[in-house]
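S.K.: just need the structure, nothing else, for what follows:
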Amino acid sequence: MSIRVLISDYPHRSIALVTPSHALIFRNSPSSIDDNRNGSVTSFHTIPVRNSTDGTWASRCMVEFVDVPTADLSDYRTLSPLAVHGTLGLITINNDVFLSVVTSCSKVATKLLGNGSFYFSTDFDLTNRLQDRSTDASTLDIDNLDESFLWNSYMIDPLVKFRSRLVAHEREALDTSGILTSAIRGFVLTITIPPSSAPLRTTRVGLPSTLTLISRLSCRRAGTRFNSRGIDDDGNVANFVESETVLWSPSVVGQSEASPHEKPAGTCFSYVQIRGSVPVFWEQAAGLLPGQQKITLTRSAEGTQPAFDKHFGELEHNYGAVHIVNLLSATKPGEAELTNAYRKGVKFSPLNRTGEKQLEDHLLLTSTEYDFHAETKGPHGYEAASLIRRHIDNSADGFAYYMSEDVEDPTEDSYEGPHRRTVVALQQEGVFRTNCLDCLDRTNLIQTIISQMAVEAFLGHRGERAASDFWMRHSSVWADNGDALSKIYAGTGALKSSYTRHGRMSMAGAVADFRKSAARLYINNFADKGRQNTIDVLLGRLVGQTPVHLFDPINDYVTAELAKRSSKFQFAEDIHIFCGTFNLNGRTAGIDQDLSSWLCPQLERSRRQPEIVAVGFQEIVELSPQQIMNSDPTQKRNWEKAVRKTLNRNASLDGERYVLLRSGQLVGAALCIFVKSSVLRNIKTVEGSVKKTGMSGMAGNKGAVAIRMDYAKTQLCFVTAHLAAGFSNYEERNRDYVTIHHGLRFQRNRGIDDHDTVIWMGDFNYRIGLSSDKVRGLIQMGDLETLYENDQLNLQMVGGLTFPYYSESRITFDPTYKYDLGTDTYDTSEKARIPAWTDRILRKGTNLRQVDYNTAPLRFSDHRPVYATFICTVNIIDEEVRESLSRALYEKRRSEVGDPAINDGSEDTDDGDLIGYDSIEPSLPPASSDKRKWWLANGAPARSSIKPPQRALQPNPRRPSNPFGLSDEPDWVKVPRAQPTQSIINRDVAPPPPSPRQPTNGTRKLPPPFTEPTSSVDSLTRNISQSSLQGVPPTARRPSVTSTASSSSKKAPPPVARKPLHLTSPSPKASPSVTNVNAFASSSRASVAPTHPPRPTEIDHTGFAPPPRRATGGVPSPALIPRNEVRDPPTPPQSRRPGELARRMGTDGPNAERPRPTLPPRQPTDLLAGGGDEMGGWTALQPN
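M.R.: Residues are numbered from 1 along each chain as shown. Alright, predicted model coming up:
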């Protein structure tokens, strides 16, 4: 079905995928993203990604699926004249959202992303084998796509979730539209078999048969050759490929010819086999010398078994019985080591345990070790590979194959024609799992032979035989398959493809293999890193990479509600962690000693068997010039056995057992992680990494080894480091830390700081900055405090120069370096090194609490081992409870608010207008949006309709302006007022800020009353109010705020504070009025004890007792002068209209000398709390 791509840029960028009947519209919502980042969006909640490194939010856009007749597409224009064939989904790159669409296609295969290894289908499920698909091949069931092989799962997942929330008919319409597609990576090819070469003979002339090969590469542990090896904790293996051979042949069903609109009837054969990396934990480093890439097992057999069992348990569930075909060499040391580990896993697998009456031929897991190189080394060459048939014949017969037939059901109505349906005749009941080292060249050749065996069995059961031409076509398809898979994993075509394609190895094929090997060396060493990053971006696996969030109000509500109710499905659990570090000084004599004093110290019983034991070693081998460039794992393995033996000897008393989870080594530094076997089920994603710092990063004599893991939902990271030596090289040690911190990376670009809990241990080599005699004397005195005050690591951490945000427990033990071997005496050699705490353990994490920090008396090294114990709080989530709660919340919310709609015909819509949202509190209005604001009513400021609970109560002006803030102030206060209708509280004039001369703290205070009152507040207020209404000329009286407000229909402007006289130049013109000053400004200044008398102000005293007014002429009456008059009062402030001030003062100008009245110092008085008697003793100053 053809799909058009339309675009609109106003008001926001929108893209529509339009079919003849429906449209899928995406609209960017930048305003919502910005508001969300600013915390101003309250209509929905978005949960940030947990492991985001840059703190950014997920890119958001809105989506709707509507009928074309109801969609308003008038503002859209055509983006591209090319028709598209569906969308692969959305992806974010540099915070920009990209919509991936398919613009060109060919039959069966579609070239995507520029390298031809991706394939898509809009009506055929490429992710599942035929046996697991619906018999209706014309239907693409999106709900049943196998995400293990769905490479656009990350991109299409937001759309799949959106689809799942549609009603049934909309969901069906979206599926029928062909907009959503499924894409796989691997190889897909269909070739036509002419009737003359068809293996099945039919009487229907002219209809060819088809041979199809579909290889599905798993995306679970995807990566390039040396970046993805072995297995992970979820049981996923590298380069896991499911290859399906499909043969379709027409057959005669009835005598009538099939009409053009009918699907030709026929017989379908399918056979599936799989390949995958050796399912143990192993790694291999890329190198420039062919065959010299060293293989390293990174986990013990006990630690590997749970993941091994997961892998084969899933294979048994999906395919039935599994027959392993191991093609590794028995003579190459690395491959032989992998074979031994593989053999151990098979031996202890639950699928390999026979019952009393069960025969070995009926095991669910069997294994065949077939040394491909040894078998094909003779004169027959690769032709001898076919001898593997005799080893797998029995299993091939037992596994069978899948076969279905199309049959016609006749109907009574001859006009309708017969009804065709598919009937499954046989199913495959087992699978061959083939592997070599890379699972490419040898594996592809053997799989070609197994596929041929299956087709031969199918034809033999029908009494048919295939011609040689058919087998040449079959071999050619498999050769193309090997080249395609090899290019994905190794960068070049497969080796030995010449034999696979032609059945013989020519000189040209040998030269081609040599050329491919050389190309692989270059690609694996210099190009695979970029290819790996591309894969991780496509699959959304980079740390901090956020998926596109398709805005759905209901789903956002559910997400927010789940976060509030996390206690119902998430709980915390405390685990114990033991960490130890020991510089062995290259000694091996201590391996046979009892390590219990270090690894199993006498602690409280609850801490004696921690769930995790992390042990770090330094100088595990002698750091000779020959050793610093390479790592010898022999000593590491010996110490692993010694540590595990010690742990299990102490744990056996309680029936527990420790297993080696993972270990790593960098020349002399090694880190080993042991865990209880009972907690292995809670641990996933165990990864290791190293970082060299010696010789500017070229040598491994100094550096760090790190191992990280996920314990339930908590991420843990352990680092052991050996930093630069030397008394005065603390700056170099600081640089070593920075190099390790920034340069050490795990998979998917995860760093050390991308974890909830981080523990560093090792020989950090920081010294004590005192002389040797001084240090030794302080040690004898037991003065560890003075030593610690001069410790270089302590000083550097306090200065923020190294290990920022890390903590160290208090040191209560003597310096651990340097001792004479076998004694407790510090260095007596000629160098007489200064004792120091070189061996340290540091921690970081809010969920981590350290309990112990001590050393152990092991004397076979010049260092003493150090240990620390921790209690770590980890989060555990019950996924079943969470999913059940999520569904219940979604259905409830959907029933309450209905389905949101985007396309309402308006251009200024925004996310918050899609749906009504409840208030966060019952007394508050609903959240606002760009169209609806709770503080506006029909475009005008909203007026409060709240009435005081009692007549004498007024809003408390001391309460903070933010209604959502916490405050001890009451909402209402009792204030008796003479004229409540003219109260300043009900006025629209906002009080001005206080004068900048004397800043205040915002409290309202009045001066204390005089002892002899001259008039009451009520009479004073009444007299002033009456005088203001009698039309007195401005020159005879000073107008009040009340008179100004009553004489004008407009609001009075906010009063402005006067400037001091010495800061204001005289004005040549006089003004006919005087600016009024707000009462809040003058009263608030009294809260600060002034050194000068505060200038008097004029206020609106309709409802409050006015303070005394400044006399405008003559000497003030003695009765009006405060008792505690301040000497030498400052120059009174000048009015903004100096001419008026001169007339009031009876002078010719502002510089005339006049007596200046003053006010007494004001004591704290609440303006709104008391009654009118508080102003007793004060009278208004009247002009002379």
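
S.K.: counting by contacts, list what the helix or strand Ser270 falls within packs against.
M.R.: Secondary-structure assignment from DSSP states H and E places Ser270 in strand 266-275. Contacts defined by 3 or more C-beta pairs under 8 Å, 6 or more residues apart in numbering; DSSP states H and E place strand 266-275 against strand 241-250, helix 301-319, strand 402-409, strand 430-435, helix 441-461. Glycine gets a C-beta too; all of them are placed from N, C-alpha and C.

S.K.: neighbouring strands of it in the sheet, and parallel or not?
M.R.: Applying DSSP bridges, strand 266-275 is found paired with strand 241-250 (antiparallel), strand 402-409 (antiparallel), strand 430-435 (parallel).

S.K.: that one relative to helix 441-461, how many degrees between them?
M.R.: Inter-element angle recorded for strand 266-275 and helix 441-461: 150 degrees (by axes from the mean of the first three to the mean of the last three C-alpha atoms, to 10 degrees).

S.K.: for strand 266-275, give me every contacting residue.
M.R.: Contacts of strand 266-275 with the rest of the structure, by C-beta atoms under 8 Å, 6 or more residues apart in numbering, involve 129-131, 200, 239-251, 315, 319, 401-406, 428, 431-435, 439, 443, 447, 450-451, 454-455, 458.

S.K.: quick one: mean pLDDT for the helix or strand just after that strand?
M.R.: Downstream of strand 266-275, the next assigned helix or strand under DSSP H and E is strand 282-284. Across strand 282-284, the average pLDDT comes to 87.

S.K.: past strand 282-284, which element shows up next along the chain?
M.R.: strand 295-297.

S.K.: which elements pack onto that following strand?
M.R.: Short answer (3+ C-beta pairs under 8 Å, 6+ apart): strand 295-297 packs on strand 282-284, helix 333-347.

S.K.: change it to 6 Å
M.R.: Packing partners of strand 295-297 (3 or more C-beta pairs under 6 Å, 6 or more residues apart in numbering; DSSP states H and E): strand 282-284.

S.K.: what does the strand it packs on rub up against?
M.R.: Phe226, Arg229, Gly230, Gln293, Ile295, Thr296, Leu297, Thr298 (C-beta atoms under 6 Å, 6 or more residues apart in numbering).

S.K.: again, but for stretch 877-894
M.R.: Residues outside stretch 877-894 that contact it (C-beta under 6 Å, 6+ apart): Ile554, Tyr557, Val558, Glu561, Phe569, Gln570, Lys713.

S.K.: for burial, what's the neighbour tally of Cys872?
M.R.: By other C-beta atoms under 10 Å, the residues close to Cys872 number 23.

S.K.: what residues sit buried inside the helix or strand hosting it?
M.R.: Secondary structure from DSSP H and E places Cys872 in strand 866-877. The neighbour-count check on strand 866-877 (16 or more other C-beta atoms under 10 Å) flags Val866, Tyr867, Ala868, Thr869, Phe870, Ile871, Cys872, Thr873, Val874 as buried.

S.K.: so for that strand, mean pLDDT?
M.R.: pLDDT averaged over strand 866-877 gives 94.

S.K.: next SSE after it?
M.R.: helix 879-897.

S.K.: and Ser486, which of the three is it?
M.R.: helix (DSSP: H, G, I helix; E, B strand; the rest coil).

S.K.: distance between the ends of stretch 799-809?
M.R.: End-to-end span of stretch 799-809 (C-alpha to C-alpha, to the nearest Å): 18 Å.

S.K.: mean confidence (pLDDT) on it, please.
M.R.: 94.

S.K.: give me the contacts around that stretch.
M.R.: With C-beta under 6 Å, 6+ apart as the criterion, stretch 799-809 contacts Asn734, Tyr737, Gln796, Met797, Leu842, Arg843, Lys844, Gln850, Tyr853.

S.K.: for the fourth one, give me its contacts.
M.R.: Yep, that's Met797 we're talking about. Phe803.

S.K.: that one - that's part of a strand, no?
M.R.: No - with three-state DSSP as the criterion, Met797 is helix rather than part of a strand.

S.K.: distance of it relative to Phe571?
M.R.: 35 Å (C-beta to C-beta, to the nearest Å).

S.K.: before we move on, what about Val719?
M.R.: Counting by C-beta to C-beta, the gap from Val719 to Phe571 is 29 Å.

S.K.: compare neighbour counts for these two and give me the winner.
M.R.: Legend: neighbour count by other C-beta under 10 Å for Val719 and Phe571, higher for Val719 (24 against 13).

S.K.: and the pLDDT for that one?
M.R.: 97.

S.K.: now stretch 71-81 - C-alpha only, CSV.
M.R.: C-alpha atoms of stretch 71-81 as CSV (Å, rounded to 0.1, in the frame of the first residue of the first chain):
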residue,chain,number,x,y,z
ALA,A,71,-8.2,15.0,9.5
ASP,A,72,-7.5,18.6,8.7
LEU,A,73,-4.5,18.3,6.3
SER,A,74,-5.0,21.6,4.6
ASP,A,75,-1.8,23.1,6.0
TYR,A,76,0.3,20.1,5.1
ARG,A,77,2.5,19.9,2.0
THR,A,78,4.2,17.0,0.4
LEU,A,79,7.6,16.3,1.9
SER,A,80,8.9,14.0,-0.8
PRO,A,81,7.3,12.8,-4.1
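
S.K.: low-confidence regions, the stretch 101-250 of the chain specifically.
M.R.: The model of the stretch 101-250 of the chain has pLDDT under 70 over residues 105-116, 134-140, 167-168, 202-206.

S.K.: ranges for the strands of it?
M.R.: 118-121, 182-193, 209-217, 241-250 (DSSP state E, counting those that start in this stretch).

S.K.: check which helix or strand covers His863.
M.R.: Per DSSP H and E: nothing holds His863, as it lies in no helix or strand.

S.K.: who touches it in this structure?
M.R.: Contacts for His863 (C-beta under 6 Å, 6+ apart) come out as Asn583, Thr816, Tyr817, Asp839.

S.K.: Arg133: neighbour count?
M.R.: 19.

S.K.: meant to ask about Ser164, not that
M.R.: For Ser164, using other C-beta under 10 Å, the count is 10.

S.K.: how much space between it and Ile877?
M.R.: Taken as C-beta to C-beta, the span from Ser164 to Ile877 is 21 Å.

S.K.: same check on Arg864?
M.R.: 41 Å.

S.K.: ok so, going back, buried ones among the contacts of strand 266-275?
M.R.: Buried among these (16+ other C-beta under 10 Å): 129-131, 200, 239-251, 315, 319, 401-406, 428, 431-435, 439, 443, 447, 450-451, 454-455, 458.
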